[in-house]
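Asks: okay, predicted coordinates and the sequence, questions at the end:
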Amino acid sequence: MTTAAADAGGVRRRFVAPLRAEVAAATFDHPLFAQIADFRDLLTGFEWPSVSQLDQRLALDGKRLVEQTEALLADGLHYETRIALGAVATRADNWHDLFNALVWARYPALKRALNAQQCRHMEGQGGHQRNRAQAALTQFDESGVVVRVTDPALLQAWDVHDWHTLFVTLADAWRDGKIAIAAVFGHALMEQALLPERLLVGKCLVVQGDEDDQAVAVVAKAVEDGRVLCDPLELRPLPLMGVPGWWARQDAGFYADAEYFRSLREGREYPGALRGRAARG
């Protein structure tokens, strides 16, 4: 449950979140945090909520938030196995794990589906091996975003990384909800957004529809059925700060930044929008 970023030289380094006292309450006004607005007090209060307080407040159905201690880890269980048995290991006073808990509260069906698939693949792999499906599941858990479109034709610019068309020419489609961020699911994205100047990239699945929670439910059902997240290449990268209204300086120079708005890799193709039944429960 760690996050990393690449510096200018391409060296991977661990992301270090700011101290709680260093994060201004206004940070959480950003649209990236909109879906967890009901829990704003847990993010802006002077004191960290304890893990037991979080567990009581969030009251997850069939799951408990338990503090991650040496005694807990002594059970030798894998993190995902422990969740399947009902306990979500949570580090105290930790932004990453606090956001993870809030995502569990907001999108429990999708969280459960990811955990079930991780456990299924672990049984098939054995030992410490990981397959491409596990990598995809982890990437979506950490950095996932559900995007909703009313018309699949809106994906044509995204298919070829024509970012100017997607974000500028189609700006009214974003404002009118014809294409929308249905959910920021990845808790690592939320943690990194604590630094307002950070240019974030979501790993996206797309659903055709006109209702946000229904779109998330369709993704949960597809994960539950093993129809998606079988390979990381299924995930569409989206420079989130290009979304109209998500960045204060969205001028021509910003959209011309090729380091952030990257060209499509040769041979890369993305799946189309999901359509289907929602997950049970």
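Replies: Ah, there it is. Numbers count the residues shown, from 1 in each chain.
Asks: could you list which residues are in contact with Arg249?
Replies: With contact set as Cβ atoms under 8 Å, 6 or more residues apart in numbering, Arg249 has no partners. No exception for glycine: its C-beta is placed from N, CA and C like everyone else's.
Asks: equivalent analysis for Glu142, please.
Replies: Neighbouring residues of Glu142 by Cβ under 8 Å, 6+ apart: 3, 186-189.
Asks: for the one helix or strand it maps to, which positions count as buried?
Replies: Element membership for Glu142 (DSSP states H and E) is helix 132-143. The neighbour-count check on helix 132-143 (16 or more other Cβ atoms under 10 Å) flags 133-134, 136-143 as buried.
Asks: and it, what's its mean pLDDT?
Replies: For helix 132-143, mean pLDDT rounds to 98.
Asks: and what of stretch 225-245?
Replies: Stretch 225-245 shows a mean pLDDT of 98.
Asks: same check on stretch 26-44?
Replies: In this model, stretch 26-44 has a mean pLDDT of 98.
Asks: again with stretch 50-67
Replies: Taken as a whole, stretch 50-67 has a mean pLDDT of 98.
Asks: between the contacts of Glu142, which is nearest Ala105?
Replies: Ala105 has its nearest neighbour among the contacts of Glu142 in His187, at 11.5 Å by Cβ to Cβ.
Asks: how deep is the closest one tucked in, by neighbour count?
Replies: For His187, the count of nearby residues is 26 (other Cβ atoms under 10 Å).
Asks: A strand includes Lys203, no?
Replies: Yes. Counting by DSSP: H, G, I helix; E, B strand; the rest coil, Lys203 falls inside a strand.
Asks: check contacts around it.
Replies: 139-140, 143-145, 186, 232, 235-238.
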